[in-house]
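1. Build me a model from this:
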Amino acid sequence: MVGRPSDLTLGDADGNVPSTERKSEEEDYEEEQEEEQNYHFRARWWFAATGFPLIAGTFGPMASAFSILALVGNWREDLGGNDEHTGKGIPDPKWQVIRINAAQLVIALIANLFLLLNMARTVRFSIAQPITICGWWISSFVLIGLCATVSGPMKLPDPTNQEYSQAFYYAIISASLYFLVASLMTVTVMGALAGKYEKNFQLTMSQRTLMLQTISLLAYLEISAVIYSYIEGWSYLDSVYFSNVTLLTIGLGDITPTTHLGRSLFFPFAVGGIIIIGLVIGSIRNLILDTGGEKIGARIIEKERERELKRFLEKGGGQSTETDHHRRRDEFELMRKILHDASRRKRWTALCISGSVWFILWFAGAAVFQTAEKDQGWTYFESVYFAYVCLLTIGYGDFYPTSNSGKPFFVVWSLLAIPSLTILISNMSDTVVKLVNDGTIWIGNATILPGERGMKHAITYPLAKITRGKVFGDSFRATAPGLLGESGRPKMDRNRSSRNNFKKDDPELAAGQRNEEHGKREAQKAKEAEASGYKDFPNTKKDLYVVLIDEIASVTRDLNSSPPREYTFEEWMWYLKLIGEDGDYPQNYSIASSGSTSKEKQKEKGGEGEGMKTEGGDLVARQWNWVDTNSPLMGNQEEPQWVLKRLTRRLQRELRALNSALEEDIKEWKGEGGPKQDRYRCEITQ
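-> Okay, here's the model as predicted:
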């Protein structure tokens, strides 16, 4: 958002802004515009530009790891009347399975390497992506062809005593993953070629770290399997299954180390693996909850804004108010409501999505386990029970997979299911767990552990909050003054000491902690604000510097507020006035409409809407309003962060302008003399 210059002009005595300062200003606002565009970037294009490459960078190495497992063993086994655990492998044709399989593995590894090099910006997008996508498509089709050949022309001659091995099923899993990541990267490249985003990956350090952690986990899993296979005499694929069950702390107990060396190595092996698993799960949780949640939240806010704004305008909102100031206050209150409602919807939407994924993995996984373990005679209920015990990492060991198809599927399924549970629990902490916690506190306040306000308030306040004060309004006003949208918002005393005291109060989201006396003081300040307005704005440069420094220190203390600090309308008007973006300035504030946004309107009028411009050295503002996408309340920054950034920038501009003016004065004073030299000489004498 860009506003008009304040009444205290920037630059030298003639009001001119130096070219270097204008360049700095333009760069700052270009940075703001880039941040704003990233925030409002449409969710589906964000997934194509960032989400899909991240998935490909994570699952591509996983597909290669499973492809290695498909290469190390024979694809068919002769049971010889025994179970699958003791079956002997039937040699595969070297030219058909082994060599072709090895060739596709090399191609897949090259494709993974070029993807990582492209993400590290070592190889250009136009070179790396064709190699990556073609390599994965080739690997996928080759494995699909080999699996079809083995299960078709080379089908088992004696299905009663012969069975497909774990390596065969790992090949199917690997082919499926290659097909998935190749499809995702194809969509990403198509979007880049269509000009929807730049031809590079905007991955953060945490996103790159997740890919490296995943590669480290897979390498740790397969190397440890080699060691335990040699020590304990297990087959290599059974060792992989054992390592997976151990590192995910499921501990089914069907395969355990029996040698002294194996048990001794278990100590460092388990600790190191669990640490890596914890890092991977933590990275996945942070990326999904923070990055993905931010994009989903931005989309929810936009949809909520469009719906509420349309309803607001249909009811004549903002048109019947007494003054423009009141209209802007109404729009501010509307935007605040939109953000609160969108935040609640975002939390519950995230819970529904993570819960749906978890339930799908649970019940769909149980169906696959029932089919894979048909020889054990598992019912669907027993499969559901087994899947639930493993999802919660309890691992009783009364049920465990024994088939060659069940074990590979369990390895893949558990690597996906355990992180999904962590994400579900994180989402529950903001919704269901919070409701349970609040309900427990309410029951205690209403029964045996009454709070400071007594049992009556504990019983009446929830109903008053739901109805927003229409029922038991006195109880609601006493606890949360200002939430009902009264005509007067509390104006803060601009004296520094009283402002700092005010800032120590909790924000509106924590209004339940305020007491009755504070509510009365706020009501009195609201009346004073309506009558007096803002008469204490600094009139001199020196006073402006002092106020800016004081406000920066005050806002800095709000950065660590929990819950995040939310400023009142009067506070916002004060801050906007300080940074030169006065919301009451008619040329700077547009009227809310349900049509195009301010940015689109600027383009329709011939402007680019790209932030600030210079015309003859003057800063030019673009219009905005509180319910527009250019509103200070829109974006991924908390309110103190937004205000602090602008206040700091305003102070920097003022000090740069002061320094430039002083340099000009010093040059003139060092010259041949004149009025300024005489004035400085007089000041030095005094």
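
2. For the rest of this, base every contact and every neighbour count on C-alpha atoms.
-> Will do.

3. and the next element down the chain from the longest helix seen in the chain?
-> Longest helix in the chain by number of residues (criterion: DSSP state H): helix 324-372. Next helix or strand after helix 324-372 toward the C-terminus (DSSP states H and E): helix 380-391.

4. list the buried ones in that following helix?
-> Across helix 380-391, burial judged by 16 or more other CA atoms under 10 Å covers Tyr380, Ser383, Val384, Tyr385, Phe386, Ala387, Tyr388, Val389, Cys390, Leu391.

5. between the longest helix of the chain and helix 380-391, how many degrees?
-> Here helix 324-372 runs at an angle of 120 degrees relative to helix 380-391 (axes from the mean of the first three to the mean of the last three CA atoms, to 10 degrees).

6. helices or strands next to helix 324-372 in the packing?
-> The contact analysis (3 or more CA pairs under 8 Å, 6 or more residues apart in numbering; DSSP states H and E) places helix 324-372 against helix 293-314, helix 380-391, helix 406-429.

7. Looking at the shortest one now, give me its mean pLDDT.
-> Per-residue confidence for helix 380-391 averages out to 95 on the pLDDT scale.

8. so is Gly251 in a helix, a strand, or just coil?
-> The three-state label given to Gly251 by DSSP: H, G, I helix; E, B strand; the rest coil is coil.

9. quick one, phi psi at it?
-> phi 60, psi 60 (degrees, to the nearest 10).

10. Run a quick check on it versus Leu392, I expect a contact.
-> No - using CA atoms under 8 Å, Gly251 is not in contact with Leu392; the gap is 11.4 Å.

11. Compare neighbour counts for those two and give me the winner.
-> Gly251 (20 against 14; other CA atoms under 10 Å).

12. how about the more buried one, what does it touch?
-> Contacts for Gly251 (CA atoms under 8 Å, 6 or more residues apart in numbering) come out as Val245, Thr393, Ile394, Gly395, Tyr396, Gly397.

13. 6 Å - rerun?
-> Residues counted as contacts of Gly251 (CA atoms under 6 Å, 6 or more residues apart in numbering) are Val245, Gly395.

14. Where do the strands of the protein begin and end?
-> Secondary structure of the chain (DSSP state E): strands at 76-78, 88-90, 162-164, 613-615, 618-620.

15. tell me the domain ranges of the chain?
-> Domains of the chain are assigned by automatic domain parsing as 19-39+491-501+509-655, 42-202, 432-478.

16. Can you flag the weakest of these by average pLDDT?
-> Per-stretch mean pLDDT for those is lowest at domain 19-39+491-501+509-655 (a mean of 63).

17. For the residue lying closest to Ile274 once chain neighbours are set aside, the count of nearby residues, please.
-> The shortest distance from Ile274 to any non-neighbouring residue, by CA to CA, 6 or more residues apart in numbering, is to Leu247 (5.3 Å). Per other CA under 10 Å, the neighbour tally for Leu247 reads 21.

18. Just the CA coordinates for stretch 655-674, please, in CSV.
-> Listed next in CSV are the C-alpha coordinates belonging to stretch 655-674 (Å, rounded to 0.1, in the frame of the first residue of the first chain):
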residue,chain,number,x,y,z
LEU,A,655,17.3,11.3,8.3
ARG,A,656,18.6,10.9,4.7
ALA,A,657,16.9,14.1,3.8
LEU,A,658,18.3,15.9,6.8
ASN,A,659,21.8,14.6,6.0
SER,A,660,21.5,15.8,2.4
ALA,A,661,20.3,19.2,3.6
LEU,A,662,23.2,19.5,6.1
GLU,A,663,25.8,18.6,3.5
GLU,A,664,24.5,21.3,1.2
ASP,A,665,24.6,23.8,4.1
ILE,A,666,28.2,22.8,5.0
LYS,A,667,29.3,23.2,1.4
GLU,A,668,27.8,26.7,1.3
TRP,A,669,29.2,27.6,4.7
LYS,A,670,32.7,26.5,3.6
GLY,A,671,32.4,28.7,0.5
GLU,A,672,32.8,32.4,0.1
GLY,A,673,30.5,33.3,3.0
GLY,A,674,27.0,34.6,3.0
